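Engineer: Predicted model follows, preceded by the sequence.
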Amino acid sequence: MNMKELQGMLEMTQLEAVIKDHISREFVQDAALLPLANETPLLETGILDSLSLLSVMVFVRERFGIVVHDVDFVPEHFASVNAICAFICARTGETAARGTDHE
Amino acid sequence: MSESAAEAAGRAGGRRLAGADRPGTAAVARLLHRAETVAYWLAVAPLAARLPARTAYRAACLRGDLQFRYEVSKRSEIVSNLRCVLGDGVGPQEAERLAREVFRLASCEVIDVMRLRGRARSLRKLVEIRGAEHLDAALAAGKGAILCSAHFGSHHCAFSLLHTSGFPLTTIGRWYKDAPGLSFAERRFWDLVHTRRMLRHRQRPMIEPWPGQVQVALQAAAALHANEVVTICSDAASLDAGSNRTVEVSFLGRRARLVPGVVSLSRLTSAPVLMAFVHRSADYRHQVLEISPPVPMQGETAAAFGRCVTAMDAAIRADPSHWICWGKTDVLASLGLLPA
């Protein structure tokens, strides 16, 4: 494992921690669901409903500076902590690539 | 549809007509009512809508008067609910007059629906839109706009006119054709006579907030993100029994429990909320759609939502017969306006 991969793993862990912390604080009402696992289905368990789903999207957009597109307004991106992290990584990767293109 | 003339017609299908007290005659009366509804929506209203407006709406009022006379049970329900909710302000005679108006307005709305054909020009020349500049200004900011209304007047047709006037518009609501308990034939019928006509004048499919539909807010946000208009009727009861999403607000002199989704959506998307109500004039054919400046969304959720509810309350008190919920005792009870 090289340094870049290690750094990537650390960033991913931090990202997961930020997302989990936000969802746990704001939306989890049943203490039995804590601590949240990365794979916990947020929609099926009722942790997120329609408006809180949008709230998570707004949080992600503001906290990580992600530009959202029309296609991003789907629940699948917010189905679990893993899904949210994958969504953020995909979008930040896109933004970085676009920045590199401009350079 | 959501709840409007179509629902009023559908619900009345299960009610008694005058002289239909015995079980056998009740079934016949129900059948007759359904036949009349089908005939009115499929034949009479489409033909009447092609006549001069004065004649068309006069015919609709006549049909409303006949329903008022023969649908005794429905009429009694409306009168009772009006008096119970509005209290001493509505005496027996006034309640009867308002009930007659409820029937007339429901019939007139069907003519409105039929006049949406083509690019809705035949309806547009009868409806004055006031306050469109507020909507223009809201959209100029690029965050979309939320039009908050009530199940009041011919609101769906008015929203259709806004769309044909150049405002890309999507509605949050429930089609009557999707209501639980309807047969396949009934669903097909309402889809044919109502839903399809409305959908032609919407930017996106109706966003239907049935229980378990988690994508509702995201769909609305997508429309607002595209700088479009989203309409929502905030006088609907929550479908989730014991929902903790409702707030208690002062509405029609009671403490009602309503869902402040409009406030949450506005805060999350930064889209302004404008109130919109359509009033039918005394000649029944002309209408005015009034759009307000943006409602302040500051403060606690209940306080911000309270401003929207105050506007709904004022519109309903000004024209009680325009509110289509008077014939729905279950809805009034679920809102907290009548004893459960």
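Structural biologist: Nice, thanks for sending it over.

Engineer: Spell out which parts of chain B neighbour chain A.
Structural biologist: Applying C-beta under 8 Å from any C-beta of the partner chain, we find that chain B lies next to chain A at B:209, B:213-219, B:221-222, B:225-226, B:245, B:261, B:264-265, B:268-269. Using the backbone N, CA and C atoms, a C-beta is placed for each residue, glycine as well.

Engineer: ok, of the residues you listed, which come out buried?
Structural biologist: Among the residues of chain B next to chain A, those classed as buried by 16 or more other C-beta atoms under 10 Å in any protein chain shown are B:209, B:214-219, B:221-222, B:225, B:261, B:264-265, B:268-269.

Engineer: which among those residues gets closest to B:Leu147?
Structural biologist: Closest approach to B:Leu147 among those (C-beta to C-beta): B:Leu265, at 11.8 Å.

Engineer: Tell me the helices and strands packed up against the helix or strand hosting the closest one.
Structural biologist: In this structure, B:Leu265 sits in helix B:261-269 according to DSSP states H and E. Packing contacts for helix B:261-269, counted by 3 or more C-beta pairs under 8 Å, 6 or more residues apart in numbering or on different chains; DSSP states H and E, involve helix A:50-64, strand B:145-149, helix B:216-225, strand B:229-233, strand B:273-280, helix B:301-318.

Engineer: Adding distance to B:Lys328 and mean pLDDT, write the ones you listed out as a markdown table.
Structural biologist: As requested, these are exported to a markdown table (distance: least, C-beta to C-beta, whole Å; pLDDT from 0 to 100):
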| stretch | distance to B:Lys328 | mean pLDDT |
| --- | --- | --- |
| helix A:50-64 | 24 | 87 |
| strand B:145-149 | 17 | 97 |
| helix B:216-225 | 22 | 93 |
| strand B:229-233 | 13 | 96 |
| strand B:273-280 | 19 | 98 |
| helix B:301-318 | 14 | 95 |
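
Engineer: can you put those in JSON lines and add distance to B:Ser183?
Structural biologist: Conversion of the helices and strands packed on helix B:261-269 to JSON lines gives the following (distance: least, C-beta to C-beta, whole Å):
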{"stretch": "helix A:50-64", "distance to B:Ser183": "29"}
{"stretch": "strand B:145-149", "distance to B:Ser183": "30"}
{"stretch": "helix B:216-225", "distance to B:Ser183": "26"}
{"stretch": "strand B:229-233", "distance to B:Ser183": "26"}
{"stretch": "strand B:273-280", "distance to B:Ser183": "31"}
{"stretch": "helix B:301-318", "distance to B:Ser183": "33"}
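
Engineer: Could you identify which of the ones you listed is most buried?
Structural biologist: Looking across the helices and strands packed on helix B:261-269 with neighbours counted as mean count of other C-beta atoms under 10 Å in any protein chain shown, the highest average goes to strand B:145-149: a mean of 28.

Engineer: Report the inter-axis angle for it versus helix B:261-269.
Structural biologist: Computed by axes from the mean of the first three to the mean of the last three C-alpha atoms, to 10 degrees, the angle separating strand B:145-149 from helix B:261-269 equals 170 degrees.

Engineer: Listing partners with orientation, what would you give for strand B:145-149?
Structural biologist: strand B:229-233 (parallel), strand B:273-280 (parallel) (DSSP bridges).

Engineer: Following element in sequence after the longest one, please.
Structural biologist: Same thing as strand B:273-280. strand B:287-294.

Engineer: any idea how far that following strand is from the chain center?
Structural biologist: Between the centre of strand B:287-294 and the centre of its chain there are 16 Å (C-alpha atoms, centre = their mean, to the nearest Å).

Engineer: what does that strand contact?
Structural biologist: Applying C-beta atoms under 8 Å, 6 or more residues apart in numbering or on different chains, the contact partners of strand B:287-294 are B:112, B:126-132, B:134-135, B:138, B:147, B:153-154, B:158, B:161-162, B:272-281, B:311.

Engineer: give me the low-pLDDT residue ranges for the chain?
Structural biologist: In the absence of a named chain, this looks at chain A. A:1-10, A:93-103 (pLDDT under 70).

Engineer: wrong chain, I was asking about chain B
Structural biologist: B:1-23, B:239-244.

Engineer: most centrally placed residue in it?
Structural biologist: In chain B, the residue lying closest to the centroid (C-alpha atoms, centre = their mean) is B:His151, at 3.1 Å.

Engineer: Burial check on the closest residue to it other than its chain neighbours, number of neighbours?
Structural biologist: Spatial nearest neighbour of B:His151, excluding adjacent residues (C-beta to C-beta, 6 or more residues apart in numbering or on different chains): B:Ile324 at 4.8 Å. By other C-beta atoms under 10 Å in any protein chain shown, the residues close to B:Ile324 number 25.

Engineer: and B:Ile324, how far is that from B:Thr231?
Structural biologist: B:Ile324 sits 15 Å away from B:Thr231, going by C-beta to C-beta, to the nearest Å.

Engineer: cool, A:Arg91 as well?
Structural biologist: Distance of A:Arg91 to B:Thr231, given as C-beta to C-beta: 30 Å.

Engineer: near chain B, which residues of chain A show up?
Structural biologist: With the criterion set to C-beta under 8 Å from any C-beta, chain A comes near chain B through A:43, A:48-51, A:53-55, A:57-58, A:68, A:70, A:73-75.

Engineer: let's go with 7 Å and repeat that
Structural biologist: Residues of chain A found near chain B (C-beta under 7 Å from any C-beta of the partner chain) are A:43, A:49-51, A:53-55, A:57-58, A:70, A:73-75.

Engineer: contacting residues for the residue positioned nearest the centre of chain A?
Structural biologist: In chain A, the centroid-proximal residue (C-alpha atoms, centre = their mean) is A:Ile84; its distance is 2.9 Å. Counting by C-beta atoms under 7 Å, 6 or more residues apart in numbering or on different chains, A:Ile84 makes contact with A:Ile19, A:Val56, A:Val60, A:His77, A:Phe78.
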